[in-house]
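Visitor: Next one to model:
(2 chains)
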There are 2 protein chains.
Amino acid sequence: MAPVRNAKVLFNQPLAGLPEPGKTTIYDTSNIIDLDMVPLNGGVLVKVLSISVEPLTAGLMMGPNKPASIPFPSYQEGQPTFSFGVGKVLRSENEGFQKGDYVVSPVLEHAEYTIPTDLNFLQKIVPEPGLPPSVYIGAAGMPGQTAFYGWKEYSKAKKGETLFVSTAAGPVGSMVLQLAKREGMKVIASAGTDEKVKLAKSLGADVAFNYKTTSIEEVLQKEGPIDVYWDNVSGSTLDAALGNAALHARFIGCGFISQLVDRTGNGVNMKNLANIVMRGINVSGFLANDAFLLEHWEKEFNDTIPKLLAKGELKYIEDRTMGLEHVTVGLAEVMAGKSMGKKIVVVSEE
Amino acid sequence: MAPVRNAKVLFNQPLAGLPEPGKTTIYDTSNIIDLDMVPLNGGVLVKVLSISVEPLTAGLMMGPNKPASIPFPSYQEGQPTFSFGVGKVLRSENEGFQKGDYVVSPVLEHAEYTIPTDLNFLQKIVPEPGLPPSVYIGAAGMPGQTAFYGWKEYSKAKKGETLFVSTAAGPVGSMVLQLAKREGMKVIASAGTDEKVKLAKSLGADVAFNYKTTSIEEVLQKEGPIDVYWDNVSGSTLDAALGNAALHARFIGCGFISQLVDRTGNGVNMKNLANIVMRGINVSGFLANDAFLLEHWEKEFNDTIPKLLAKGELKYIEDRTMGLEHVTVGLAEVMAGKSMGKKIVVVSEE
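Guide: Residues are numbered from 1 along each chain as shown, chains lettered A, B, ... in the order given. This is a model prediction of the structure:
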């Protein structure tokens, strides 16, 4: 077969505000690849199917300024960007992988085809019947794990208690919402558009509201106090939650969208921090790749969540953008709160 | 014996800023009491020896605005104020108490003599030989318990790790500092005067500094990152600690002096909240009267800490003011950071 195009997204300059194609990144269509002949040197050739764009990607887009706790190398100028992604093996010289295998990687290159340099990051998946491979970078992958690990480790959920979850229509929040309902909690959900509010209600939220048109403080005063707060945004939403927390409330933080978007460095004004003491609140922050969380909860996640998703007992929502060239615009949409559920960029359907 | 004076401190009006004698409270010397004849109705007559003034007292001085989580009744206008105190039984009609017993209570009236209305709050103590009864409202009492309970429940201290403790010369901070040194930690201590810094060094702090003349940020950048932060102040000190936290740091909050003193309601500006997520930090707030903390740690505290204090293996520091009339000035000193160690007002030496 003749060589084919291998388009790539190249990192150009560190993020300042929202990412822009042509500035933050460059879409490069100048490469070609011979899929039959390209040397693998003991590795595997992967056709990229879907790419995840998410806050972690934004962190990497900071280039040399990326947060130190992100355990991946910085994006390098002129080199392909990467993120969680799912692909299909076209050829393999490694005994762990065979042609036709589906694979996921947290550092899959934003390209049409790639030969991963470090096979330790590449993980074979066997999709549950009925579940598209792309779900393994969404509800059955990192965002689902984030929700599940944090919920299991920190929520101490009790039936009849009240949860407040911010960004309830996002890939993590929508899973948290459903886990809480399965445990018999009352769920208060916030989101940034009326369409997202509808989605949260359809997933079982008892109370759902648009925080851009409705006062968080008023809703929580009426529907709280809250026993568990799932924080995807920090800032003033966190402050409102602190002001309406029950005694011994558990606050779980896995997101910081408001800080990533606000690059002014001015910080946020907090009025209710004293409640952490006065109401005996426990605040736990985490990233889902934390080794001790994997050790505690990875097996249970793999044994249960994909099956529940395939059976429809847990819902997943994908926000699909077609075409590798839209990675950077897709990330800007996520950061601006314009995506619903899990944002993926589909590079190839199969 | 002829009736004697029974001076009292009466609550006059809720706190606005720092408490002022004659405004917040009135010192009333118009009462007399016949110690031999006053009817006890099955209760006990207590001679007040020492009174504790502390942040909790400031909360009660808010009158009707006291924080809801303080499990004591509000101060009533024209009625005596109260707080933790230690006294000696002069007469008893209750089988649980005998003449000569020492007693402590969290709601001991600020008076020379008192007949407690609710004996459930009155607790008999048998001071460890060599330990003055007043220590039982300090290092062997509530402040010591606050330090011990919080440390045991939340610090997960490991030898070689680094602690940062704010208000290190206070009754809670000075105990935390010593507990951390006993577990082989490096201790960074901050305090608000050079005299307090000296005290912290004498208690074993590896690094001690005056936060009014030295940048917290610079010290923590040089001596950190910190694995455990003991927060007595919240606000900008908490923010600096978040900025210099190690992965999986534990933050323990039992104080909120900065919020009590700042009554403007403007809140505090926080720049480093995202680190709670990025560095997987756990923040635990608590009050020492929490039932589950008592259940976990009260016995171990009583079995070990008073003995260590009596032997001198743990140090206690008392800042004594003589005379009941100085309760309100004493509280203002505590709130303004002018006291060293445990502030007590001595009503009578024996």
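Visitor: alpha carbons only for contacts and neighbour counts from here, please
Guide: Fine.
Visitor: chain center to stretch A:219-230: distance?
Guide: Here stretch A:219-230 is found 24 Å from its chain centre; the criterion is CA atoms, centre = their mean, to the nearest Å.
Visitor: Ok, stretch A:332-346 next?
Guide: Averaging C-alpha positions (CA atoms, centre = their mean) puts stretch A:332-346 10 Å from its chain's average.
Visitor: One more: stretch A:19-28?
Guide: 21 Å.
Visitor: what about A:A16, how many residues close to it?
Guide: 12 (other CA atoms under 10 Å in any protein chain shown).
Visitor: Quick check: it is in a helix.
Guide: No. Using DSSP: H, G, I helix; E, B strand; the rest coil, the secondary structure at A:A16 is coil, not a helix.
Visitor: quick one: it from A:T24, how far?
Guide: Per CA to CA, to the nearest Å, A:A16 is found 9 Å from A:T24.
Visitor: Model confidence score at A:F292, please.
Guide: Per-residue pLDDT puts A:F292 at 90.
Visitor: Enumerate every residue touching it.
Guide: The neighbourhood of A:F292, defined by CA atoms under 8 Å, 6 or more residues apart in numbering or on different chains, contains no residues.
Visitor: Now do it against B:L242, distance only.
Guide: Distance of A:F292 to B:L242, given as CA to CA: 21 Å.
Visitor: do A:V347 as well
Guide: Applying CA to CA, the value for A:V347 to B:L242 is 40 Å.
Visitor: Tabulate the CA atom coordinates of the longest strand belonging to chain A in CSV.
Guide: Secondary structure of chain A per DSSP state E: the longest strand is strand A:82-92. The C-alpha coordinates for strand A:82-92 follow below in CSV (Å, rounded to 0.1, in the frame of the first residue of the first chain):
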residue,chain,number,x,y,z
PHE,A,82,-0.8,14.1,23.5
SER,A,83,-3.5,13.2,26.0
PHE,A,84,-5.7,10.2,26.9
GLY,A,85,-6.7,8.5,23.8
VAL,A,86,-8.0,5.2,22.4
GLY,A,87,-6.7,3.4,19.3
LYS,A,88,-6.5,0.2,17.4
VAL,A,89,-3.3,-1.8,16.8
LEU,A,90,-2.5,-2.2,13.1
ARG,A,91,0.8,-4.0,13.5
SER,A,92,2.7,-5.3,16.4
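Visitor: what mean pLDDT does the helix or strand just after it have?
Guide: Later in the chain than strand A:82-92, the nearest helix or strand by DSSP states H and E is strand A:102-109. Strand A:102-109 comes out with an average pLDDT of 96.
Visitor: and the following helix or strand past strand A:102-109, what other elements does it pack with?
Guide: Next along the chain after strand A:102-109, taking DSSP H and E as the criterion, comes strand A:113-114. If you count contacts as 3 or more CA pairs under 8 Å, 6 or more residues apart in numbering or on different chains; DSSP states H and E, strand A:113-114 packs onto strand A:44-52.
Visitor: The strand it packs on vs strand A:82-92, what angle?
Guide: 150 degrees (axes from the mean of the first three to the mean of the last three CA atoms, to 10 degrees).
Visitor: Would the helix or strand that strand A:44-52 is followed by count as contacting chain B?
Guide: Moving toward the C-terminus from strand A:44-52, the next helix or strand (DSSP H and E) is helix A:55-60. No. For helix A:55-60 and chain B, the contact criterion (CA under 8 Å from any CA of the partner chain) is not met; the two come no nearer than 10.6 Å.
Visitor: what helices or strands is helix A:55-60 leaning on?
Guide: By 3+ CA pairs under 8 Å, 6+ apart, helix A:55-60 packs against helix A:327-335.
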